[in-house]
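Peer 1: here's a sequence, model it:
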Amino acid sequence: MKHDFLTFRSVVQGGFVLTGVLLVLLYIAFQARFLITGPGITLNEDPSMRQNERIVTLSGSATNISHLWLNGRSIYTDPKGNFATDVVLENGYTVTTLEAEDRYGRRTSLTQEFVYTPMSFTYNQ
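Peer 2: Residues are numbered from 1 along each chain as shown. Model (predicted):
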């Protein structure tokens, strides 16, 4: 008696198993995107380098992070990853660095440079 191993039923079952395995692998790859991309910092608006106000507010969002710092000082985010913090500018040149770290130790940073010139020193034409 000859057995035919490639019956219609076995081909359909193999197709369902293969489709299920592919869907599971696609789902794993989709969820792993956060592990692959690492931490990210985005500012809502890019502040001007020249400032006439002593206090500048840096606001934005951070993704895939476990820690966030501004010049070494911890900043806290809301549950969606949004943050807002004020920076007090010194007279002249000030450099601020936002730094983020994910749970695997990968880091990213964003540096902003400011030049504070009080209104009394600016020349209005």
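Peer 1: and the helix or strand hosting Val95, how far from the chain's centre?
Peer 2: Counting by DSSP states H and E, the element that carries Val95 is strand 92-101. Distance, stretch centre to chain centre, for strand 92-101: 16 Å (C-alpha atoms, centre = their mean, to the nearest Å).
Peer 1: any idea which element Gly60 lies in?
Peer 2: Judged by DSSP H and E, Gly60 forms part of strand 55-63.
Peer 1: helices or strands up against that strand?
Peer 2: Applying 3 or more C-beta pairs under 8 Å, 6 or more residues apart in numbering; DSSP states H and E, one finds that strand 55-63 contacts strand 40-43, strand 82-88, strand 92-101. Just so you know, the C-beta spots here come from the backbone N, C-alpha and C atoms, and that holds for glycine as well.
Peer 1: hmm, 6 Å instead?
Peer 2: Using 3 or more C-beta pairs under 6 Å, 6 or more residues apart in numbering; DSSP states H and E as the contact test, the elements touching strand 55-63 are strand 40-43, strand 82-88.
Peer 1: what lines up beside the next helix or strand after the first one in the sheet?
Peer 2: Which is strand 40-43. If you walk from strand 40-43 toward the C-terminus, the next helix or strand you reach (DSSP H and E) is strand 50-51. Using DSSP bridges, strand 50-51 pairs in its sheet with strand 107-116 (parallel).
Peer 1: quick revisit: in CSV: the helices and strands packed on strand 55-63, plus distance to Arg103, mean neighbour count and mean pLDDT.
Peer 2: CSV is the format used below for the helices and strands packed on strand 55-63 (distance: least, C-beta to C-beta, whole Å; neighbours: other C-beta atoms under 10 Å; pLDDT from 0 to 100):
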stretch, distance to Arg103, mean neighbour count, mean pLDDT
strand 40-43, 14, 14, 94
strand 82-88, 18, 14, 95
